[in-house]
Structures are given as structure tokens and as C-alpha cells.
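Trainee: Sequence and computational prediction follow.
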Amino acid sequence: VQLNKAIDLTTFPAENIRNFSIIAHIDHGKSTLADRLLELTNTISASGSNKQVLDKLKVERERGITVKAQTVSMFYNHKGKDYLLNLIDTPGHVDFSYEVSRSLAACQGTLLLVDAAQGIQAQTVANFYLAFGQGLEIIPVLNKIDLPGAEPERVLRQIESAFELDTASILKISAKASINIDQVLPSVIEKIPPPVGSRDKPFRGLLFDSWYDKYVGVVCMLGIKDGMLRKGDKVVSAYSDTKYDITEVGIMHPEQLPTGYLHAGQVGYIVCGMKSASEAHIGDTFHHLGQTVEVLPGFQPAQSMVFAGIFPVDTNDFRKLDDNIKKLTLNDASVSVHKETSHALGQGWRLGFLGTLHMDVFRQRLENEYDANIIVTQPTVPYKITYKDDSFKLVRNPADFPDLEERSFKVAKLQEPMVIATLIFPDEYMGKLIELCGTRRGEQLEYVYVDETRVMMKYRMPLAEVVTDFYDELKSRSSGYASFDYEDGGYEDSDLVKMNVLLNSKPVDALSVILHRTQVDLVGRDWVKRLKGVIQRQLFDISIQTALGSKIIARETISALRKNVTAKCYGGDASRKMKLLQKQKEGKKRMKMIGNVELPQKAFYDFMDKSKGT
Ligand SMILES: Nc1nc2c(ncn2[C@@H]2O[C@H](COP(=O)(O)OP(=O)(O)OP(=O)(O)O)[C@@H](O)[C@H]2O)c(=O)[nH]1
């Protein structure tokens, strides 16, 4: 690819570069604004067909959320000078706050976009603090001022009271109706400082993102801190000490555009023959072979906080699914993968995700992009078990959780992960939301008014309570007006037990669940009822029980049914009879034998689907 003649990267010393991002609560218009800026700078044509260029993946478009941060370089002339502006996109959702913080590490400033009708929301607050903590210049921007319901004055007061930001010269824009978009980049250039770094020093680059490209393999995004990187250079990863040859280097404009080199202060991509995305360690420092440099401060690796088993509905699909999971995780290093075998569901995987949305997005991608037919088990958080000999382990699968007997002999302490949750909502919903947080074992830490009628509450509560249907409940109890975000709250002692499900007295491992002791009765009763609804009658009675060790909590029975598939062919021709028997056999393939009970995969599927929330 030939670089546009007018663009010569050597004419962009660090002082003519700005690295910035846009942070916002979900749906406040980040992608729409990014598109407008790309059009304004002719990075993409303003044909009107640019539907959110940065949200590349299909699932992102379908769900309207940004999952994978994308970076794009733009050129812009301001007061007679050419600037290179790198827009580093950040995901808005709580599950991806790890991606937000690593994208922010490559920036010197950020636009804090707030919907002028909705006002500040929980993720506005969380994202503000992430950016603030990294010492970034924060430029507040009011978006959607075209909406009839916009209340810019009120939202300004919220921004002042929550963030103590100066709003005197705040930008008031509409990304959709293209109002005042031309004021945005001048503000970026004037308010955000250029990156620091020296071109004369030996090369140092910070790896802050990577993805798998089916044509060139692994692509890494680097922020060049010092020196210069050229195509053909030999570099070393400080993390793994592996040597790489740089086969391509360039900028995202908006797709990969080879430039042959990158200078200090610039942000761009490299291709260097990595075989898999697992070689690309986010936060790694690259330097030239034979040179020693000070390693740049990296990032904490993403912590998987939600785990679930994934099994093929048809066991014959195992290989194919294995392949597809590998392909998908090439692009998303934050998913952890371990093989798992369940008596009930056969061979599968235990996958770890950043949160439930992350899990749903992964599941949806597996189904959409690879046409996979899968069962996902009830999500579990990582529980910490400390033994009497002081050793400890994290349990991510109810199957590994100690039963009551083992517990009394060996276990000293059981702990579960907690979060600090932030909720913002109109005060009329206060009663209902306090009640919700209470039933989810939450402890109130704080509540304040951010303006006349909006309340912000903080709660300490177990992550396990948040990863199920908390979000849906929150939305329905507040008619959609409450927003919610959370951060890590460490581990806390908890009286946890494993509840088993028994079919004709045989435990079904894939249905075991870890609960707080106070919840066992309620969940135990609910589950037997719902299982009864999805298991078909068979030739004998089936008992469905939930149990805590040997103590039965609840029981339902499905009474026997006489079924003879060949009965209606009495006297009929033999081939038809064979056909029916064959059909019955095929049907059985999709059954799982639990003791003598046939459990159709579909029953699991239906149950899991509905219990995504208990
Ligand atoms: N009326 C109006 N609608 C807007 C404006 N900007 C964005 N929208 C609409 O708001 C919705 C959300 O916009 P997005 O740009 O997808 O929001 P986002 O913040 O990128 O969302 P995530 O990527 O999911 O975090 C879309 O339907 C946009 O068309 C605006 O200035 N005015």
C-alpha cells in the first residue's frame, strides 16, 4: 500500500501527535462520535454508510456493544499545522474494564462523553475514575443535545458535582446530527498533552493490544515510547525473551496501512511472525536485539471471574468445537480454557470469562460464527478454599468443591469474591433497589444525591449474586432507569455449600451448584420444580431431588409412561418397523444416561437456559 503523498510520518514529531480515547457509559454515542471524527478527517468517506466502523465484529453490531478495542490514526490540520491523532477505542461495559484500562495506558487524554438526556450513569463514573487514576487529561463532552429530552444544564451540574470538572467551556455536541463536531479535535489538540518520549533513545515499545488476522497471523499494537522501529528490525520481548523479525509495521488508517517505520510517540501495529495470540503479552515491552532498556510498567493480566462448562449437544461435534474454541480464543486472550469431563455431559471445556456479558458474547460468537450447538452450564465464580494445613486453592467448578464431610475434616476457611457495586438511578426507585441489593446479600456503603433527584448508591456484595440475573432484575425494578457497574472487592469468608441434583438417586454433576447456606432451601425447591418441567416421562418413575450431602432438600416425581413405538405398526411391513427402531436409536444418541434415567440434552439446554438467573 502506498502512503498518501501528503502524509510523511517523519513530519510528525511527538509534539504534533495526540493519543486519546473516548470513554462513556454504554449507548452514550462513543462509536457514533468516532465515526464522525473519522469522516471529518477523511479517514473514511462521509457516505453515510459508515455504520460504526470501529465496532467490527458482527456480535458487536448485533448487541450494540464494543468488545474489542480498536485503534485508528487520523490526520488533521489545526491552525496551519498537521497533527497525527490516534483515537484508541475503549469498550464501555463493566466486564471489559480491563480492556478500558489498557487502552487508556496508551493515551494522554480522553473525551468523557455524557448523554445530555440520560446524564451521568454508573459506567460514566467508573470510567472517569479509571482515567483519573491514570493521570489523563479529561475533557467532558455533552452528546445528544439534539434530543428533545436533553437537559444540558442539569447534566452539567451532575458533572460538576460528581467529578469536580470545569464545565465552563464544555463542548455540547450531537454526534448523530453532526452539531459542533468541528470543535472536538481542536479541543483535543489544545487540551491534551503530546506523548513524551525521545527519538534519540534506543527503541522501546509497549504492547497494548493484539488480535489474530487470518491473512497475516498475529497483529500487535504498540505504543512507541522511545526511538524508532523499522520493518526488518530484530526485536526481543522483555517478557519471554523471544526474538522476532518485524515483517510489517504501520498505522491503522482505518485498516492496516504499512508505513515501514514508527517513531517515538506514535501508535501503530507490527507483524512479527507470532504463531498464536498467547505469545502477545499485553503490557510487554519490546526492544531491539542486543540492547538493554528499562522495562515499561505493564498491566495486570485479566482475571477470569465467571466460569462455566461448555459441552457439545452432539458429542460427535467435540473435535469441531475444540477447533472453533481455539480459533475464538486466539482473538480473545482474556478467555481461559481448560478441558473438562462431566459424567452427565461428556467431554467439554471449562471456560473462564471476565463477566457474564463476556460469556454471553463468547457463546453467541461460537453459535453465530461457527454454527455451534452447545450447552452452557450455570456460571460459577472462583471460590477460595483454605485448608487446615494452610494451603489453599481456587475452585472454579462445583465438581471440585469439598462436600460436607471433606469440609469438616480438612477445610479451615471458605471464601467468596466480593464486588463494590455502584448504582445510579432516579430516587423514586430507591425502595425497590435497596430491597434488591438486600436480597442479594448486599451491604450498603454509601448513598448520595448527584443532583436533585438522582441517587448514587454503593454496595458491597458477593460477585456470585451479581453474575446471575442481577442486572435484569435491576433493569426491571427501575423500569430501565438504573445503571450499574462494579469493581473488585476482594475475598470474604462465607458459609458456602454445594447443592447436588439427583435423578433416581444418582447425582448429575453438571447441575451441581455452590450456594450460600441461606439460599439452599429456596433454590432447591425451585430447581426440582423446573427440572420436572423439562424432563419427559419415561417407562418408569423418575425421582428428582436436590440435596446437601445426604440431606434431601426437595423432591418431585415424574410418573411412568408406557410407550411402545412399534405398537402402531402391528402387522405392518418390516421395513417401516426397522425405520422406527432406527429413529428411536438416533433419538437415544441425544440422551444422556443418568443411572437408568435418560436425560435428553435438550432438557439440559432448556433448564440451563431458564436457570440463567436463579
Ligand atoms: N439523538 C442522538 N442519538 C445519538 C447521538 N449519538 C449517538 N446516538 C445514538 O445512540 C445510540 C448509541 O450510540 P453508539 O455510538 O452505538 O453508542 P456507544 O457509546 O458507542 O455504545 P457502545 O459501543 O455500546 O458503548 C445509537 O442508536 C446512536 O444512533 C446523538 O448525538 N443524538
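Mentor: Done, it's in. Residues are numbered from 1 along each chain as shown.
Trainee: Now the stretch 351-500 of the chain against the ligand: closest residue?
Mentor: Proximity of the stretch 351-500 of the chain to the ligand (C-beta to the nearest ligand atom) peaks at residue 357, 10.9 Å away. Heads up, the C-betas are built off the backbone N, CA and C, glycines and all.
Trainee: Report the separation between that residue and residue 473.
Mentor: Relative to residue 473, residue 357 is positioned 15 Å away (C-beta to C-beta, to the nearest Å).
Trainee: tell me what the top strand by length along the chain is packed against?
Mentor: Longest strand in the chain by number of residues (criterion: DSSP state E): strand 411-426. Using 3 or more C-beta pairs under 8 Å, 6 or more residues apart in numbering; DSSP states H and E, the elements in contact with strand 411-426 are helix 122-133, strand 383-387, helix 430-439, strand 454-462, helix 463-466, strand 483-493.
Trainee: at 6 Å instead, please
Mentor: For strand 411-426, the helices and strands in contact under the criterion 3 or more C-beta pairs under 6 Å, 6 or more residues apart in numbering; DSSP states H and E are helix 122-133, strand 383-387, strand 454-462, helix 463-466, strand 483-493.
Trainee: Give me whichever of these is most buried.
Mentor: Among the helices and strands packed on strand 411-426, ranked by average contacts under mean count of other C-beta atoms under 10 Å, first place goes to helix 463-466 (a mean of 24).
Trainee: ok, residues contacting that helix?
Mentor: Contacts of helix 463-466 with the rest of the structure, by C-beta atoms under 6 Å, 6 or more residues apart in numbering, involve 381, 417, 419, 440, 441.
Trainee: ok, then the element right after the lowest-mean-pLDDT helix or strand in the chain?
Mentor: Lowest on mean pLDDT, DSSP states H and E among the helices and strands of the chain sits helix 58-63, with a mean of 46. Once helix 58-63 ends, the next helix or strand along the chain (criterion: DSSP states H and E) is strand 71-78.
Trainee: What are the buried residues along the helix or strand following that following strand?
Mentor: With elements assigned by DSSP H and E, the helix or strand that comes after strand 71-78 is strand 81-89. Within strand 81-89, the residues scored as buried using 16 or more other C-beta atoms under 10 Å are 83, 84, 85, 86, 87, 88, 89.
Trainee: Repeat that for stretch 143-161.
Mentor: 143, 144, 145, 150, 151, 152, 155, 156, 157, 158, 159, 160.
Trainee: Adding pLDDT, write the residues you listed out as TSV.
Mentor: Shown next, in TSV, are the buried residues of stretch 143-161 (pLDDT from 0 to 100):
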residue	pLDDT
143	98
144	98
145	97
150	96
151	95
152	95
155	95
156	94
157	91
158	91
159	92
160	89
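Trainee: Spell out which residues of the stretch 151-300 of the chain are next to the ligand.
Mentor: Contact residues (C-beta under 6 Å from any ligand atom) of the stretch 151-300 of the chain with the ligand: 174, 175, 176, 177.
Trainee: 8 Å instead?
Mentor: Proximity of the stretch 151-300 of the chain to the ligand, by C-beta under 8 Å from any ligand atom, involves residues 173, 174, 175, 176, 177, 179.
Trainee: returning to what we had before: just checking: what are the partner strands of the longest strand of the chain?
Mentor: strand 383-387 (antiparallel), strand 454-462 (antiparallel), strand 483-493 (antiparallel) (DSSP bridges).
Trainee: who's in contact with it?
Mentor: 121-122, 125, 381, 383-386, 388, 402, 453, 456-463, 466, 478, 481-487, 489-494, 496.
Trainee: Alpha carbons of it, as CSV, please.
Mentor: Below are the C-alpha coordinates for strand 411-426, written out as CSV (Å, rounded to 0.1, in the frame of the first residue of the first chain):
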residue,chain,number,x,y,z
VAL,A,411,-11.2,-27.1,55.4
ALA,A,412,-10.3,-24.2,57.6
LYS,A,413,-12.0,-21.4,55.6
LEU,A,414,-14.3,-20.9,52.6
GLN,A,415,-14.3,-17.5,50.9
GLU,A,416,-16.1,-15.9,48.0
PRO,A,417,-15.2,-12.9,45.8
MET,A,418,-16.9,-9.6,46.6
VAL,A,419,-17.5,-6.5,44.5
ILE,A,420,-18.1,-2.9,45.2
ALA,A,421,-21.2,-2.0,43.1
THR,A,422,-22.2,1.5,42.0
LEU,A,423,-25.8,2.1,41.2
ILE,A,424,-27.2,5.4,39.8
PHE,A,425,-31.0,5.9,39.4
PRO,A,426,-33.9,8.3,39.9
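Trainee: Tabulate the helices and strands packed on strand 411-426 in JSON lines, adding columns for distance to the ligand and mean pLDDT.
Mentor: Converted to JSON lines, those look like this (distance: least, C-beta to the nearest ligand atom, whole Å; pLDDT from 0 to 100):
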{"stretch": "helix 122-133", "distance to the ligand": "8", "mean pLDDT": "85"}
{"stretch": "strand 383-387", "distance to the ligand": "31", "mean pLDDT": "96"}
{"stretch": "strand 454-462", "distance to the ligand": "20", "mean pLDDT": "93"}
{"stretch": "helix 463-466", "distance to the ligand": "20", "mean pLDDT": "91"}
{"stretch": "strand 483-493", "distance to the ligand": "12", "mean pLDDT": "88"}
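Trainee: Now stretch 538-552: average pLDDT?
Mentor: Across stretch 538-552, pLDDT averages out at 89.
Trainee: buried residues in that stretch?
Mentor: For stretch 538-552, the neighbour count (16+ other C-beta under 10 Å) marks 538, 542, 544, 545, 546, 547, 548 as buried.
Trainee: Which two among these are spaced furthest apart?
Mentor: Pairwise distances across the buried residues of stretch 538-552 peak at 26.7 Å for 538 and 548 (criterion: C-beta to C-beta).
Trainee: returning to what we had before: closest one to residue 235 among the helices and strands packed on strand 411-426?
Mentor: It's helix 122-133; of the helices and strands packed on strand 411-426, that one is closest to residue 235 (C-beta to C-beta) at 29.6 Å.
Trainee: From the rest of the structure, what touches the helix or strand following that closest one?
Mentor: As assigned by DSSP H and E, the chain's next helix or strand after helix 122-133 is strand 137-143. Strand 137-143 is contacted from outside by 29, 109-116, 131, 152, 159, 165, 170-173, 175, 187, 191-192, using C-beta under 6 Å, 6+ apart.
Trainee: So for the closest residue to residue 183 other than its chain neighbours, what pLDDT did the model give?
Mentor: Leaving aside its sequence neighbours, residue 183 sits nearest to residue 171 (C-beta to C-beta, 6 or more residues apart in numbering; 5.5 Å). What the model reports as pLDDT for residue 171 is 96.
Trainee: Tell me how far residue 171 lies from residue 443.
Mentor: Applying C-beta to C-beta to residue 171 and residue 443 gives a distance of 39 Å.
Trainee: do the same with residue 393
Mentor: 27 Å.
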